[in-house]
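In: let me see the structure of the following:
(chains A and B)
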Amino acid sequence: DAGVIQSPRHEVTEMGQEVTLRCKPISGHDYLFWYRQTMMRGLELLIYFNNNVPIDDSGMPEDRFSAKMPNASFSTLKIQPSEPRDSAVYFCASTPRDQETQYFGPGTRLLVL
Amino acid sequence: QKEVEQNSGPLSVPEGAIASLNCTYSDRGSQSFFWYRQYSGKSPELIMFIYSNGDKEDGRFTAQLNKASQYVSLLIRDSQPSDSATYLCAVGGSQGNLIFGKGTKLSVKP
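Out: Below is the predicted model:
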């Protein structure tokens, strides 16, 4: 298996623009997690899904952030409008059923100017 | 709110020494514990997990768990410069999620 796939790997955009991050989990994994990592705040859980259903979105910072998982093999995290403080590395991770080990994707490095 | 605490470091050890990384957690009911390693600019990768009190060894790595003290540690024997990374402690939540600490940066000096 190719592991968790994220795209794009790097994104530079201007404040106010819409940003869409994409994730393909490992095939057969039931859980999908979106994280944001910064030096100041460490690794923060934004939202996670179980069998495509959002379980906990309490980590989503504000209404500018939204996430969807239309099927078992694809998820998006959207920021609209983006702000400079959204600059961070965004990771997607997935987990098989009945396990807790999370497998991380390579991350998307977002810079909002 | 469930919390996982780690000393941010940096922890500096000479090559060949034992590196000791520590983690405390707030939820006494936690049952699963994980150590991830993250190299600079890379994603976290699992090193070890532990569920029972005591020690669990895997090569140069030993995880230690003390549920009564709500304490988890990771020992790295014969530390190598390639072990220089940030080590993240994570504790299993109640709904399939993990709660991560902010990580300890380890530097192994040749």
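
In: closest to the centroid, which residue in chain A?
Out: The C-alpha lying nearest the average C-alpha coordinate of chain A belongs to residue A:34 (CA atoms, centre = their mean; 3.3 Å).

In: just name the shakiest helix or strand of chain B by mean pLDDT.
Out: Within chain B, no helix or strand scores below strand B:98-100, which has a mean of 91 by mean pLDDT, DSSP states H and E.

In: would you mark the buried spots in the helix or strand where the residue nearest to the centre of chain A lies?
Out: Using DSSP states H and E, residue A:34 maps to strand A:31-38. Neighbour-count burial for strand A:31-38, counted by 16 or more other CB atoms under 10 Å in any protein chain shown, picks out A:31, A:32, A:33, A:34, A:35, A:36, A:37. Using the backbone N, CA and C atoms, a C-beta is placed for each residue, glycine as well.

In: what packs against it?
Out: Where contact means 3 or more CB pairs under 8 Å, 6 or more residues apart in numbering or on different chains; DSSP states H and E, strand A:31-38 is packed against strand A:42-50, strand A:74-79, strand A:88-95.

In: any idea which of those gets closest to chain B?
Out: The closest of the helices and strands packed on strand A:31-38 to chain B is strand A:42-50. By CB to the nearest CB, the value is 3.5 Å.

In: now that closest one, how far from the chain's geometric center?
Out: Centroid displacement of strand A:42-50 relative to its chain, using CA atoms, centre = their mean, to the nearest Å, is 7 Å.

In: got the angle for that strand vs strand A:74-79?
Out: Taking axes from the mean of the first three to the mean of the last three CA atoms, to 10 degrees, one finds that strand A:42-50 is oriented at 130 degrees with respect to strand A:74-79.
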